[in-house]
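Chemist: Sequence plus predicted model, see below.
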Amino acid sequence: MVPSQPHITSTYSLLHLLRPADDSLMHLPATNPQLVDEVVRRVGSGATGWAIENSRLLLAELAGEPFARLDPRSGSETRLVESIALWVVLRLSGVRAISGLLSAELTNAIRERIADSTTVDHLLRYVRATHASFTSELFEFCEEAVPTEDQPAMMRSISADLFEGMETLSAAVTEKFAAERNRWFAGPVGERFELVSAMLKGKPVDPRKAMLQLRYELTLHHIALVLWQDEITPDGGHELDTTALRLLDQAGCSSMLLLPAGPGRLWAWGGRASDRPVELRRSGKPVELPAHIHVASGLPGDGLDGFRRSHEQAVTAERVGRIARSGPSGLCDYGDLELVILLGDDAEATADFVRRELGPLAADTRTMAALRETVRCLLDNERGVAVTAKHLHIAKNTVVYRVKKAEQLLGRSLREDHLRLHLALYLAGRLGSAVLAEPDPAAGLENSIRAVSK
């Protein structure tokens, strides 16, 4: 509870009362540290920390409809929301124009959204919802910090400042969205992108004309890739192209189509005439990727339907791979993730299934993780204790002890409903914290290290 402060006569003076609950977030900004320093110089570290902290809290609230297409885990969404929060406190301090550093952050966040079917209207709704949430938070703080008789005037001042600030922000977002889209999809690249987008949506196209424009035969057997970078670099497009060509060659493709899908993002297809390309995970060679490049792959398919289907699978593998643990190489392979995708289509239902089946074993702790890994490995190896011990590099007695402990926590034998148990353990292993439960502090002794070692 913030104590009441006398004579808070301006929004600028109100800003200096704002404080984050966790000061450590000041050292972990998503936006450019130079921008954060600029804001600190203008409004102080308290208001800046408050803005960064509340942007993190707000991301989860905005993850559902109508904003489900915007991923709260992606760097661009985090930067966008944090940029809006920093603009809010700057605006209340008297700043009227968006600075160069803030403008660059908005541009970078918008740049990553260009190719994912986000429209400017959808993006503006997201920006307005974010801005409104910060306004609401400020009103609540005002009710706690400002004397009752001064609250109406203060709230009117906040409303007026942020209304004008929202107009400035909306105009900037609209202008940047149009500029980035024109920059990336003008000319031949844009024409090819529009043609492929129409094909992916199932719209009728002339196959012969499409082949001539794309220089790629649609009657082949195809495999699709989606490649993206953590951070957009000046030479990033070349690196994405080189990586895609190498991987498609590894899959046995003789024809290749590369299509820029926005900054730091590439769609790619490879084709063969005689038979299907090889899935990358089954190519017999390790999939080697630069540290800052990620790849999602679909399954091989035939003709135009296979062209579409493999791309849809690659996009799905990317989405799920951002949550699930990818393979050793970092490849998000649809075939490898297919069981997670089919079983985990409903995120809430999947988490409920895992928690119900595993009970105390679903706690998101290292102790329970060791028990889950041991039981899953045992079931993977048809209850072979020696094989499990060798695979996990632990003693056979430790395997036996952990299994007994897991059965105690489950309240049943591992042989009972073993298929449901196996699936729940598999989903927990691939999806991690997304489906696990918060640890129960009351179960401290039960979850002690004695549960996993002897």
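Modeler: Cool, the structure landed.
Chemist: now the strands: where do they sit in the protein?
Modeler: 221-229, 255-260, 265-272, 293-297, 301-302, 332-333 (DSSP state E).
Chemist: for these, which one sits closest to residue 352?
Modeler: Residue 352 lies closest, by C-beta to C-beta, to one member of the strands of the chain: strand 332-333, at 24.8 Å. Using the backbone N, CA and C atoms, a C-beta is placed for each residue, glycine as well.
Chemist: mind putting the strands of the chain in a markdown table, distance to residue 280 included?
Modeler: Converted to a markdown table, the strands of the chain look like this (distance: least, C-beta to C-beta, whole Å):
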| stretch | distance to residue 280 |
| --- | --- |
| strand 221-229 | 8 |
| strand 255-260 | 14 |
| strand 265-272 | 10 |
| strand 293-297 | 5 |
| strand 301-302 | 15 |
| strand 332-333 | 6 |
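Chemist: Just tell me which of these ends up closest to residue 391.
Modeler: Nearest of the strands of the chain (C-beta to C-beta): strand 332-333, 22.0 Å.
Chemist: I'd like the mean pLDDT over that closest one, please.
Modeler: Mean pLDDT, computed over strand 332-333, is 92.
Chemist: Mind listing residues that contact it?
Modeler: 279-281, 294-297, 317-318, 320-322, 326-327 (C-beta atoms under 8 Å, 6 or more residues apart in numbering).
Chemist: Farthest-apart pair in these, please.
Modeler: Maximum distance among these (C-beta to C-beta): 20.4 Å, for 279 and 322.
Chemist: So the two - more neighbours on which side?
Modeler: Between residue 279 and residue 322, residue 279 has the larger neighbour count (other C-beta atoms under 10 Å), namely 17 against 14.
Chemist: And the pLDDT at the more buried one?
Modeler: For residue 279, pLDDT reads 93.
Chemist: give the contact list for it.
Modeler: 223, 251, 297, 299, 300, 333, 335.
Chemist: Swap in 7 Å and give it another go.
Modeler: 299, 300, 333, 335 (C-beta atoms under 7 Å, 6 or more residues apart in numbering).
Chemist: Same check on residue 295?
Modeler: Counted by C-beta under 7 Å, 6+ apart, residue 295 has contacts 225, 227, 247, 289, 331, 332.
Chemist: ok so, going back, show the buried residues in the contacts of strand 332-333.
Modeler: Among the contacts of strand 332-333, the ones that count as buried by 16 or more other C-beta atoms under 10 Å are 279, 280, 294, 295, 296, 297, 317, 318, 320, 321, 326.
Chemist: With distance to residue 404 as new columns, can these be given to me in TSV?
Modeler: Below are the buried ones among the contacts of strand 332-333 laid out as TSV (distance: C-beta to C-beta, whole Å):
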residue	distance to residue 404
279	40
280	41
294	41
295	42
296	40
297	41
317	38
318	41
320	34
321	35
326	33
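Chemist: Among those residues, which one sits closest to residue 405?
Modeler: For the buried ones among the contacts of strand 332-333, the nearest to residue 405 is residue 326 (29.9 Å; C-beta to C-beta).
Chemist: Retrieve the pLDDT associated with the closest one.
Modeler: 58.
Chemist: and if you look at residue 419?
Modeler: The model's pLDDT for residue 419 equals 89.
Chemist: For it, give its distance to residue 430.
Modeler: Residue 419 sits 17 Å away from residue 430, taking C-beta to C-beta, to the nearest Å as the criterion.
Chemist: Please identify which of those two sits among more neighbours.
Modeler: Using other C-beta under 10 Å, the more surrounded residue of residue 419 and residue 430 is residue 430, with 21 against 8.
Chemist: The residue lying closest to residue 194 once chain neighbours are set aside: neighbouring residues, count only.
Modeler: Spatially, and ignoring its direct neighbours in sequence, residue 194 is nearest to residue 185 (7.4 Å; C-beta to C-beta, 6 or more residues apart in numbering). Counted with other C-beta under 10 Å, residues neighbouring residue 185 total 19.
Chemist: can you list the domains in the chain?
Modeler: 11-184, 187-342, 347-451 (automatic domain parsing).
Chemist: centre of the chain versus the shortest one, how much separation?
Modeler: Once both centres are worked out by C-alpha atoms, centre = their mean, to the nearest Å, domain 347-451 turns out to sit 26 Å from its chain's centre.
Chemist: for the second one, same thing?
Modeler: On the basis of C-alpha atoms, centre = their mean, the separation between the geometric centre of domain 187-342 and that of its chain is 19 Å.
Chemist: All the helices of the stretch 251-400 of the chain, residue numbers only.
Modeler: Ranges of helices in the stretch 251-400 of the chain, per DSSP state H, counting those that start in this stretch, are 303-321, 334-343, 347-358, 366-380, 385-392, 396-410.
Chemist: With respect to residue 132, which of these lies nearest?
Modeler: Short answer: helix 347-358, nearest of the helices of the stretch 251-400 of the chain by C-beta to C-beta, at 25.6 Å.
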